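S.K.: below: sequence and its predicted model.
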Amino acid sequence: MAGNGNSGRTGKPAVVHLIKGNPSKKNGQALLDEALNPPVPAEAPDKPDHLNEEAAQIWDGLIPDLLKLGLVTRLDGHTLAEYCHCLSKVRALDRMMDELNETSTNGVRGYFQTSRTGYRSVSEVMQARAMFNSRVDAIGRQFGFSPLARRGLRVEAPQGELFPNEQKQIADKYFS
């Protein structure tokens with residue numbers, strides 16, 4: 001695959017380069033220009049009507065911070081909605097497993113199921129949770145929500161700033 005557009009690591013947005021302090025030593029002015037004049041400006045996408053109450057709360061919690069960091073655009077609405085939906089399903093399935101475990105004699109009914117022949121396997125609830133959780137992880141990486149995706153990300157306050165940097169505080173909340 002040498003030389004085609006799919007080779008190597010995927011490029012990082014200019015905002016991420018600037019947040020990390022530009023360790024790759026790219027042209028600082030070009031990064032700043034791209035961050036200040038992105039092809040798609042940072043703007044909150046409309047919250048979809050189909051989100052359940054818990055997913056809507058997740059959405060409302062993420063959008064302000066992603067906006068201030070410049071990591072979300074109107075084009076990201078569908079992807080972010082799927083993230084919120086899947087995370088709400090993971091939480092619901094966790095509650096379901098807790099309820100099943102409380103009613104079981106051995107405390108693991110939500111995690112395992114036993115067939116008539118005595119074969120023990122992972123429960124359907126646990127399998128569904130794993131499926132939704134893998135989607136949460138995959139989508140979250142696109143927004144920097146996993147430890148590996150945000151490893152090393154730091155927002156540096158400009159030197160000489162006397163007051164707290166709001167972007168730095170938000171980035172530290174997610175990236176440190």
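M.R.: Arrived safely. Residues are numbered from 1 along each chain as shown.

S.K.: for the longest helix along the chain, buried residues please.
M.R.: Across the chain, the longest stretch assigned as helix under DSSP state H is helix 77-103. Using 16 or more other CB atoms under 10 Å as the test for burial, helix 77-103 gives 77, 80-93, 96-97, 100. Glycine gets a C-beta too; all of them are placed from N, C-alpha and C.

S.K.: which is the next helix or strand following that helix?
M.R.: Downstream of helix 77-103, the next assigned helix or strand under DSSP states H and E is strand 112-114.

S.K.: average pLDDT for that next one?
M.R.: Here strand 112-114 scores 81 as its mean pLDDT.

S.K.: ok, and the closest non-adjacent residue to R135?
M.R.: C86 (4.4 Å; CB to CB, 6 or more residues apart in numbering).

S.K.: correct me, but that neighbour touches G140?
M.R.: No - C86 is beyond contact range of G140, at 9.3 Å (criterion: CB atoms under 8 Å).

S.K.: wait, I63 sits on R74?
M.R.: No - using CB under 8 Å, I63 is not in contact with R74; the gap is 11.5 Å.

S.K.: name the residues contacting each of the two.
M.R.: Both I63 and R74 are in contact with A44, P45, where contact means CB atoms under 8 Å, 6 or more residues apart in numbering.

S.K.: so between the two, which is more surrounded?
M.R.: With neighbours defined as other CB atoms under 10 Å, I63 and R74 compare such that I63 has more, 18 against 12.

S.K.: contacting residues for that one?
M.R.: Applying CB under 8 Å, 6+ apart, the residues contacting I63 are A44, P45, K47, V72, L80.

S.K.: now do L62
M.R.: L80, C84, F143.

S.K.: could you check the angle the helix or strand it falls within makes with helix 77-103?
M.R.: Taking DSSP H and E as the criterion, L62 maps to helix 53-69. On the basis of axes from the mean of the first three to the mean of the last three CA atoms, to 10 degrees, helix 53-69 is oriented at 140 degrees to helix 77-103.

S.K.: neighbours around G140, how many?
M.R.: Applying other CB under 10 Å, I find that G140 has 16 neighbouring residues.

S.K.: any idea which element it lies in?
M.R.: With DSSP H and E as criterion, G140 is part of helix 124-143.

S.K.: elements contacting that helix?
M.R.: When contacts are defined as 3 or more CB pairs under 8 Å, 6 or more residues apart in numbering; DSSP states H and E, helix 124-143 sits against helix 77-103, helix 147-150.

S.K.: out of those, flag the one nearest L67.
M.R.: Nearest to L67, of all the helices and strands packed on helix 124-143, is helix 77-103, at 11.2 Å by CB to CB.

S.K.: what is that closest one packed up against?
M.R.: Helix 77-103 packs on helix 53-69, helix 124-143, going by 3+ CB pairs under 8 Å, 6+ apart.

S.K.: thank you kindly, that will do.
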